[in-house]
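**Q** sequence first, then the predicted structure:
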Amino acid sequence: MGVPMSAVISPLVYAAIIIVNDVVSLVLPSFDLVPLLAYFDRQPGAAPLPDAVVAAIAIVALVLPGSLAMLLAWIGARALFVGPGEERLLRGLGARPPRLEDLEERQLQNLVEEMGIAAGVRPPRVAILDGRVANAGAVGASPDDATLVVSRRLLDELDRDESQGVVAQLVASVGNGDLRAALAIISMHRAFGLVRAVLGAPFGPNARPTLLRFVHLGLRRGKADPGELEELDAMLATMADGADGDIDPSRKTTLLDVLRLPFLMAQTAFWMCRLAFVSFVVGPLLALAWRSRRYLADATAVQLTRNADGVARGLRALAVRGGGIPGGNWAAPLFVIGPARGPASGFKATTSAS
């Protein structure tokens with residue numbers, strides 16, 4: 001997706017470089033970038049470059065800056081939400097350690113350890129969510145720091161075989177590397193929102209607060225409050241969905257709006273490109289790949305438990321009774337019942353049992 005989007009971003013990157021260089025040249029000696037634009041013109045007495053080489057260089061010059069900008073946006077979005085650490089993340093969800101004096105919670109702890117040993121992975125930590133929602137998920141960036149988050153209602157309403165099936169499916173997902181895949185997918189959509197906020201900042205009253213909040217939290221990465229990250233994630237999701245309502249059609253056009261026109265055109269082209277590729281290329285491929293990962297986790301869970309009926313009944317029970325965890329949109333990429341956010345998060349509120 002970075003290739004077509006680069007056609008939108010690269011001209012702005014080059015324009016920004018030239019403008020900054022010209023401003024700096026007013027104070028300090030700097031290199032004149034304008035002659036570079038004619039570098040590939042045929043010079044008298046010089047052998048002209050083959051047309052194929054010129055075309056290849058032009059394509060690279062067009063694609064590279066935009067692709068690099070998209071890559072940096074993806075890395076920045078990923079690093080910001082991983083940075084708070086697991087403890088802050090779990091506190092943001094309202095999770096607590098299991099009470100071992102409680103028989104249900106002790107049984108859950110034993111199930112997780114049993115499934116971790118059976119899967120040949122380090123048994124994940126366990127956290128309990130008190131509340132009315134029945135759900136379970138896995139958080140973390142890798143199998144080594146994974147934590148299973150299980151709602152208390154799940155323990156109350158599911159029998160041991162059903163609970164074991166849900167735990168086995170989550171442990172299987174952790175062992176299969178789904179945490180990293182889910183984090184990469186969610187970070188991609190956050191990057192879309194970040195890029196759109198940058199393009200909309202010159203004229204967007206909603207884009208500017210999103211961009212400033214991202215920069216503010218990024219500068220103090222590692223100290224961000226989970227509530228602030230949740231709010232930022234919602235803002236990025238709104239920007240990525242294109243429903244920010246930044247343009248007010250009733251506002252009168254001014255001279256400043258004319259100067260902002262390139263950014264408006266770039267933002268519109270970016271949104272159309274993202275919509276087309278997410279709807280017709282990336283979205284279906286991600287849905288197919290993620291569905292395959294769910295089936296693989298189901299099959300692995302059956303291998304771990306040797307109880308296909310228990311796995312099916314546990315996932316089906318959550319599909320019927322479960323719901324999204326409040327505050328879990330960005331913090332839990334692997335909930336059995338995912339956040340119902342649609343394309344912005346990359347997941348829908350469905351399970352493989354459905």
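**A** Arrived safely.
**Q** give the contact list for the residue nearest to Ala269 when sequence neighbours are not counted.
**A** Nearest non-adjacent residue to Ala269, counting by C-beta to C-beta, 6 or more residues apart in numbering: Val8, 4.6 Å away. To be clear about C-beta, it is placed using only N, CA and C from the backbone, and glycine gets the same treatment. Applying C-beta atoms under 8 Å, 6 or more residues apart in numbering to Val8 gives the contacts Gly66, Ala266, Ala269, Phe270, Cys273.
**Q** what does Gly116 give?
**A** Contacts for Gly116 (C-beta under 8 Å, 6+ apart) come out as Arg122, Pro123, Pro124, Val171.
**Q** shouldn't the third one be in contact with Val174?
**A** Yes: here Pro124 lies in contact with Val174, judged by C-beta atoms under 8 Å, at a distance of 6.1 Å.
**Q** who's more crowded, those two?
**A** It is Val174, of Pro124 and Val174, that has more neighbours when counted by other C-beta atoms under 10 Å, with 28 against 25.
**Q** and the gap between the more buried one and Gly310?
**A** As judged by C-beta to C-beta, to the nearest Å, Val174 and Gly310 stand 19 Å apart.
**Q** quick check: Val149 is in a strand.
**A** Yes: assessed by DSSP: H, G, I helix; E, B strand; the rest coil, Val149 belongs to a strand.
**Q** pretty sure Ala77 sits against Leu194.
**A** Yes: with contact defined as C-beta under 8 Å, Ala77 reaches Leu194; the gap is 5.6 Å.
**Q** now do the shared contacts for the two.
**A** Jointly contacting Ala77 and Leu194 under the rule C-beta under 8 Å, 6+ apart are Leu236.
**Q** tell me the SS of Trp203?
**A** Small correction: residue 203 is Phe, not Trp. Assigned with three-state DSSP, Phe203 falls in the coil class.
**Q** number of residues surrounding the spatially closest residue to Val166 that is not a sequence neighbour?
**A** Nearest non-adjacent residue to Val166, counting by C-beta to C-beta, 6+ apart: Gly314, 4.3 Å away. Burial of Gly314 is recorded as 29 neighbouring residues (other C-beta under 10 Å).
**Q** now swap in the one 5 residues further on and tell me
**A** A count of neighbours around Ala319, defined by other C-beta under 10 Å, yields 16.
**Q** try Leu261
**A** Using other C-beta under 10 Å: Leu261 sits among 12 other residues.
**Q** distance of it from Pro205?
**A** For Leu261, the distance to Pro205 equals 17 Å [C-beta to C-beta].
**Q** which strands and helices sit next to the helix or strand where Leu199 lies?
**A** Assigned by DSSP states H and E, Leu199 belongs to helix 178-200. Applying 3 or more C-beta pairs under 8 Å, 6 or more residues apart in numbering; DSSP states H and E, we find helix 178-200 packed against helix 2-25, helix 51-82, strand 136-139, helix 207-219, helix 226-241, helix 255-277, helix 283-305.
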